[in-house]
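*Asks:* Quick one: sequence plus predicted model below, questions after.
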Amino acid sequence: LCYQVYPAKGTPYTYVLIFSVIGIVQAFNVIDSYFQSEVQSKYIMQVQVTGNLLSAAIKLVLIYLKMPLIAFVYAYSFDFFLLAIGYYFTYQRNGRNIFNWVYNSQLAKKLLQLSWPLIISGIMVSLYMKIDQLMIQNISGTKEAGAYATVASLSEAWNFIPTVIVTTLFPAILNARRDDLERYKKRIQNLYDLMVYLSLPAAVIITFTSHLIYKIYTPEYAYAAPVLSVHIWSGVFVFLGAANSQYLIAEGYVKLTFWRTGFGAIVNIVLNLFLIPKMGMMGAAIATLIAYASSAFFVLLIPKVSRQGVMMLKSLFLISLFQKIIKR
């Protein structure tokens, strides 16, 4: 089967150019990483919350004024400029100076050598998070693709949470690795537990309220509610995978993040090819769920990190929770 993707009819390439500039502005995100390394994420959270509130307010005004699409393109781009400005002033206000930065070619080469698997992994994640929508559009049509897009947006709206939590907590967890390996292992298990405690209730609640959500959110796509009830469970594995990925990076197993993401992408694409023609967007949701689970637990196939897979399974099936209750 061959799938072709075309730009939306009449979409000016000016929009593409505007969005491309965003990549340059995102270089300021290194300030975010700096504060995370210093366990001072509260400063970054202040910037992000303020920026998101302003962004939402601007878009609401544009909707109220019935502005043309180009206004929203500029508004979306402005979000990133707003965050960059916030990062800059936060960094300067805390006794640092961005103008003291110097370029170190040797360090740059070293960082590139260490990070290329993560770069490719990021591309593959983008691929297999969106490939199902493209395949549905080609197989089942635009209407079903639109309905599935609402499912994906509702299901994935929470996926920023594990990244925020993990990047905030992991520096403190690494401190335990330096001082006490046993305590380090316990903290990682606690992190996996936390990921399940947050994602599992959300999955259960949305599973049983999906019809109500669609009645409020977008009634015209109410028939997609059962698909949301399935797709939302992929979030459990996104949460666990985010925590485990941070562990792999901290331990120097960066290439494993590349292989696990590639494995998840292959599983997703293959399952989509078989399930979408038979089951439509429900098949895509099942494929996504299986792919995320396969990616998260790929570490079970690698002997040197298989223990992490066992720890995630203990969290997923609440075994570690029962062990804590029994010990008390």
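*Replies:* Perfect, thanks for sending it.
*Asks:* What is the helix or strand where residue 72 lies packed up against?
*Replies:* Residue 72 is part of helix 69-93, with elements assigned from DSSP states H and E. Counting contacts by 3 or more CB pairs under 8 Å, 6 or more residues apart in numbering; DSSP states H and E, helix 69-93 packs against helix 13-25, helix 29-37, helix 41-64. Heads up, the C-betas are built off the backbone N, CA and C, glycines and all.
*Asks:* Can you give the contact residues for the shortest one?
*Replies:* For helix 29-37, the external contacting residues (CB atoms under 8 Å, 6 or more residues apart in numbering) are 41, 43-44, 83, 87-88, 90-91, 167-168, 171.
*Asks:* Just the buried residues of it, please?
*Replies:* Residues 31-32, 34-36 are the ones in helix 29-37 that count as buried (16 or more other CB atoms under 10 Å).
*Asks:* tell me the domain boundaries of this structure?
*Replies:* According to automatic domain parsing, the chain comprises the domains 1-101, 105-327.
*Asks:* any idea which of the ones you listed scores lowest on pLDDT?
*Replies:* Ranked on mean pLDDT, the bottom entry among the domains of the chain is domain 1-101, at a mean of 78.
*Asks:* to the chain's geometric centre, what's the distance from it?
*Replies:* Counting by CA atoms, centre = their mean, to the nearest Å, domain 1-101 is centred 16 Å from the centre of its parent chain.
*Asks:* what helices or strands is the helix or strand hosting residue 266 leaning on?
*Replies:* When elements are assigned from DSSP H and E, residue 266 belongs to helix 254-279. Other helices and strands packing on helix 254-279, by 3+ CB pairs under 8 Å, 6+ apart, are helix 105-139, helix 234-250, helix 281-296.
*Asks:* Which residues does the last one contact?
*Replies:* What that stands for is helix 281-296. Outside helix 281-296, the residues within contact range by CB under 8 Å, 6+ apart are 128, 132-133, 135-136, 140, 144, 147-148, 151, 224, 226-228, 230-231, 233-234, 237-238, 240-241, 244, 260-261, 263-265, 267-268, 271-272, 274-277, 279, 312.
*Asks:* Give me the next element, helix or strand, following that helix.
*Replies:* Next element after helix 281-296 (DSSP H and E): helix 306-316.
*Asks:* do the first one as well
*Replies:* Sequence order places helix 142-156 as the next helix or strand after helix 105-139, per DSSP H and E.
*Asks:* now what about the helix or strand just after that next one, what contacts it?
*Replies:* As assigned by DSSP H and E, the chain's next helix or strand after helix 142-156 is helix 160-179. Contact partners of helix 160-179, identified using CB under 8 Å, 6+ apart, comprise 36-39, 41, 45, 183-184, 187-188, 191, 194-195, 198-199, 238-239, 242-243, 246, 250.
*Asks:* Name the residues of helix 160-179 that are buried.
*Replies:* Of all the residues in helix 160-179, those buried under the rule 16+ other CB under 10 Å are 161-162, 165-170, 173-174, 176.
*Asks:* any idea how far residue 299 lies from residue 174?
*Replies:* Distance from residue 299 to residue 174, counting by CB to CB, to the nearest Å: 19 Å.
*Asks:* I misspoke; the intended subject was residue 60.
*Replies:* Using CB to CB, residue 60 is found at 41 Å from residue 174.
*Asks:* Ok, residue 85 next?
*Replies:* The gap separating residue 85 from residue 174 is 31 Å, by CB to CB.
*Asks:* got TSV for the buried residues of helix 29-37, with distance to residue 107 too?
*Replies:* Below are the buried residues of helix 29-37 laid out as TSV (distance: CB to CB, whole Å):
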residue	distance to residue 107
31	17
32	19
34	15
35	20
36	19
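*Asks:* Kindly indicate which of those residues lies nearest residue 76.
*Replies:* Nearest to residue 76, judged by CB to CB, of the buried residues of helix 29-37 is residue 32 at 19.1 Å.
*Asks:* Could you list the buried residues of stretch 12-26?
*Replies:* 15, 25.
*Asks:* Single out the most deeply packed of the domains of the chain.
*Replies:* Compared across the domains of the chain, domain 105-327 shows the largest average neighbour count, a mean of 18 (mean count of other CB atoms under 10 Å).
*Asks:* Between the two ends of that domain, how far is it?
*Replies:* 53 Å (CA to CA, to the nearest Å).
*Asks:* Contacts only, for residue 260.
*Replies:* Contact partners of residue 260, counting by CB under 8 Å, 6+ apart, are 241, 295-296, 298-299.
*Asks:* Closest to residue 256 out of those?
*Replies:* Closest to residue 256, out of all of the contacts of residue 260 and judged by CB to CB, is residue 299, at 7.2 Å.
*Asks:* that older thread, would you reformat the helices and strands packed on helix 254-279 as JSON lines and include distance to residue 323?
*Replies:* JSON lines is the format used below for the helices and strands packed on helix 254-279 (distance: least, CB to CB, whole Å):
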{"stretch": "helix 105-139", "distance to residue 323": "33"}
{"stretch": "helix 234-250", "distance to residue 323": "18"}
{"stretch": "helix 281-296", "distance to residue 323": "21"}
